[in-house]
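[1] here you go, sequence then predicted model.
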Amino acid sequence: MVFSVSSSSVVHSSTLSSSLEHTKAAQFGAFQALDRLHSPSTTVSFSRRRCSVKPLNAEPKRNDSVVPSAATFSAPEVTEKLEVEDYGKLAKGLENASPLEIMDKALEKFGNDIAIAFSGAEDVALIEYAHLTGRPYRVFSLDTGRLNPETYKFFDEVEKHYGIRIEYMFPDSGEVQDLVRTKGLFSFYEDGHQECCRVRKVRPLRRALKGLRAWITGQRKDQSPGTRSEVPVVQVDPVFEGLDGGAGSLVKWNPVANAKGNDVWNFLRTMDVPVNSLHAKGYISIGCEPCTRAVLPGQHEREGRWWWEDAKAKECGLHKGNIKEENLNGNAGVHANGTAPNADIFNTKNVVNLSRPGIENLLKLENRSEAWVVVLYAPWCQFCQGMEESYVDLAEKLAGSGVKVGKFRADGEEKAFAQRELQLGSFPTLLFFPKHSSRPIKYPSERRDVESLLAFVSALQ
C-alpha cells in the first residue's frame, strides 16, 4: 500500500529529521492497511474532513496537537469542524441507485469501520456486490448454535469462493445455559421466539456493532408484512449503538431495500454465486433450524419463519427498529376507527363480503341451504395478498356448485371476536361451514394453491 504524505516545511537537522521519521512510523503503525481487491497498490490520501453520524448536542472538537511556542504569548485555540452527514437526504439521493452503487458508497464512506451482516441465505448477494466494487470489505455472521448443517457448509463455501474470513459472533454460553435449564430447548414454541433470539442473536449482534460505525444488511421492502415495507437504503440505526457510543452513533445500510426477491435471485444466477443448498429444498428465508421451514406454493417467503406466530411479529430483534410502536399492539398502520389504509383484497363477484352480523348469522345457523368457505383476512397482510389469486380462482371454480365463498376482515376491532369465535390464529385463516352443522371446520394445512383448497372443500361436502 502506498501512502501519500505531504509536508509544508523542510527540517535540515538530521537528528530532528530522524525523530520525525520515527514519529511518522509510529502513527502509521496504528492503522491497519487493507489493499483493494485485484489491485497491486492503493494510494490513500488523508484529509481533515471527517464524516460522522449526527451526534446529539455536538460541540466543536479541540485540536490538542497544537504545541505552544516558546515565546511569551500563547498560541490561539485551534478547533476542527465536525461535518455532519444528513442520512435522510442521502437516502433520498440514493433511492433510485442500484445495489452496487449503494454498496460502493457505503464502503467508500466507512472503510474498515463497516461490515456486512451475513445470515447464510440469499444475502450472499451483498458479498458479491462488495466484491464487485473492488474495495476491501468485512463480513460477520451470528452463529446461534442452532443453524442447519447446510448453512455451516455454506459459510465454508463462501469463505473459499471469495477468499475471506467471516467474523463469527457467538452467544454467551452462560446465558444460553440458564435459558435452556430454566425453560427447555424449545420454549419459543410456547411463549414466543423473542427471548431465545435476544440471547442467541440480539446480544451477540450488539457486541459486534459496538466495534463498528456502520453495518450492511440484506433487508428488502418486500420481505415482511408490517415491518420492512418502509426500509430506506441508508439510515441512522434507531436501535443499536456503534463504536463512538450513544444514540445516532451507528449507520445502517440496506443496499437491496428496493430490489425484489426475483431480482436478487436473477443476480445470483447470472453471477454464478454459491447459494445455500436449503434453497433448493423450498427454503427462502433461512434462520435457525427449529424456527425455519420450507414454504409451500402460494405462501410468502417469511411464512417459513416462526410460522406459529402473527405475521406482523416476524422479526427476531436484529431489525427491531422496523417495528412501529402500534405494530406491537397488533394494529400496524390503523386509523382511529381500527381499519387499515391498505386497499381491500379478494374483490370479485364470486366472493361475498361478510359483515360482522353476517358472519355471526352464519355461525348461528344449524341447517344452511348451502355450505360456505370463508377466509379471515387482513388486507395489509402479505400472506393474505399472496393467497389472493388462488382464492379468487377457488371462488370461480365453486360458482354454481352449491358452495358459497366469502371473506371476513378480521383485523382491527374485529380481531378479538375472530380469535374468540372463529378460531383465528394468524392471517389468513380458512373456515368451512358445512350445510348441516353449526360448527365451522378450520383448514389445517399451510398449502394455499387452488388444488389443495379444492381438495379440502371436496372432502367435506
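    Perfect, thanks for sending it. Residues are numbered from 1 along each chain as shown.

[2] by mean pLDDT, flag the weakest helix or strand of this structure.
    strand 43-44 (a mean of 36; mean pLDDT, DSSP states H and E).

[3] shaky segments in this structure?
    1-83, 224-228, 297-302, 306-342 (pLDDT under 70).

[4] show me the residue at the heart of it, geometrically.
    Nearest to the mean C-alpha position of the chain, by C-alpha atoms, centre = their mean, lies residue 219 at 3.9 Å.

[5] that residue is in what secondary structure piece?
    Residue 219 belongs to no helix or strand when assigned by DSSP states H and E.

[6] that one and residue 203, how far apart?
    Distance of residue 219 to residue 203, given as C-beta to C-beta, to the nearest Å: 20 Å. (C-beta placed from N, C-alpha, C; glycine too.)

[7] with residue 230 instead?
    Counting by C-beta to C-beta, the gap from residue 230 to residue 203 is 26 Å.

[8] comparing the two, which residue is more hemmed in?
    Taking other C-beta atoms under 10 Å, residue 230 and residue 203 do not tie; residue 203 has more neighbours (17 against 10).

[9] for the more buried one, give me its contacts.
    The contact partners of residue 203, taken as C-beta atoms under 8 Å, 6 or more residues apart in numbering, are 171-172, 175.

[10] most neighbours of all those residues, which one?
    Of all the contacts of residue 203, the highest neighbour tally under other C-beta under 10 Å goes to residue 171, namely 22 neighbours.

[11] mind listing what that residue touches?
    Contact partners of residue 171, counting by C-beta under 8 Å, 6+ apart, are 144-145, 199-201, 203-204.

[12] name the helix or strand for the closest residue to residue 440 other than its chain neighbours, please.
    Nearest residue to residue 440, sequence neighbours excluded (C-beta to C-beta, 6 or more residues apart in numbering): residue 431, at 4.2 Å. Assigned by DSSP H and E, residue 431 belongs to strand 429-433.

[13] helices or strands next to the helix or strand following that strand in the packing?
    On the C-terminal side of strand 429-433, the nearest following helix or strand under DSSP H and E is strand 441-442. Other elements packing on strand 441-442 under the criterion 3 or more C-beta pairs under 8 Å, 6 or more residues apart in numbering; DSSP states H and E are strand 429-433.

[14] and the strand it packs on, what does it pack onto?
    Counting by 3+ C-beta pairs under 8 Å, 6+ apart, strand 429-433 packs on strand 371-377, strand 441-442, helix 450-460.

[15] okay, it in PDB with CA atoms only?
    Written as PDB, here are the backbone C-alpha positions of strand 429-433 (Å, rounded to 0.1, in the frame of the first residue of the first chain):
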ATOM      1  CA  THR A 429     -57.400 -18.400   8.400                       C
ATOM      2  CA  LEU A 430     -59.700 -20.500   6.200                       C
ATOM      3  CA  LEU A 431     -63.000 -21.900   7.500                       C
ATOM      4  CA  PHE A 432     -65.500 -24.300   6.000                       C
ATOM      5  CA  PHE A 433     -69.200 -24.100   7.200                       C
END
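
[16] so it versus strand 371-377, what angle?
    Orientation of strand 429-433 against strand 371-377 (axes from the mean of the first three to the mean of the last three C-alpha atoms, to 10 degrees) gives an angle of 160 degrees.

[17] need the residues that contact strand 429-433.
    Identification of contacts with strand 429-433 by C-beta under 8 Å, 6+ apart yields 362, 368, 371-376, 410, 418, 422-423, 440-443, 453, 456-457, 460.

[18] before we move on, what about stretch 93-110?
    51, 114, 125-126, 129-130, 132-133, 135-137, 213-214, 216, 233-234, 251, 253, 255-256, 258-259.

[19] give me the buried positions along it.
    Using 16 or more other C-beta atoms under 10 Å as the test for burial, stretch 93-110 gives 94, 99, 102-107, 109-110.

[20] in terms of helices and strands, where is residue 204?
    Counting by DSSP H and E, residue 204 is part of helix 203-209.

[21] about what we covered before: the contacts of stretch 93-110 in strands, which ones?
    Counting by DSSP state E, the part of these found in strands is 51, 114, 214, 216, 234, 251, 253.

[22] distance of residue 447 relative to residue 390?
    Here residue 447 is placed at a distance of 10 Å from residue 390 (C-beta to C-beta).

[23] about what we covered before: going by neighbour count, which of the contacts of strand 429-433 are buried?
    Listed as buried from these are 362, 371-376, 410, 418, 422, 440, 443, 453, 456-457, 460; burial here means 16+ other C-beta under 10 Å.

[24] please export the C-alpha coordinates of stretch 357-368 as PDB.
    Extracted in PDB, the C-alpha atoms of stretch 357-368 (Å, rounded to 0.1, in the frame of the first residue of the first chain):
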ATOM      1  CA  PRO A 357     -73.700  -9.500  11.600                       C
ATOM      2  CA  GLY A 358     -73.300 -11.700   8.500                       C
ATOM      3  CA  ILE A 359     -70.600 -13.900   9.900                       C
ATOM      4  CA  GLU A 360     -72.500 -14.100  13.300                       C
ATOM      5  CA  ASN A 361     -75.700 -15.300  11.500                       C
ATOM      6  CA  LEU A 362     -73.600 -17.900   9.600                       C
ATOM      7  CA  LEU A 363     -72.300 -19.100  12.900                       C
ATOM      8  CA  LYS A 364     -75.800 -19.500  14.400                       C
ATOM      9  CA  LEU A 365     -77.300 -21.400  11.500                       C
ATOM     10  CA  GLU A 366     -77.600 -25.200  12.100                       C
ATOM     11  CA  ASN A 367     -79.200 -26.000   8.800                       C
ATOM     12  CA  ARG A 368     -77.700 -23.900   6.000                       C
END
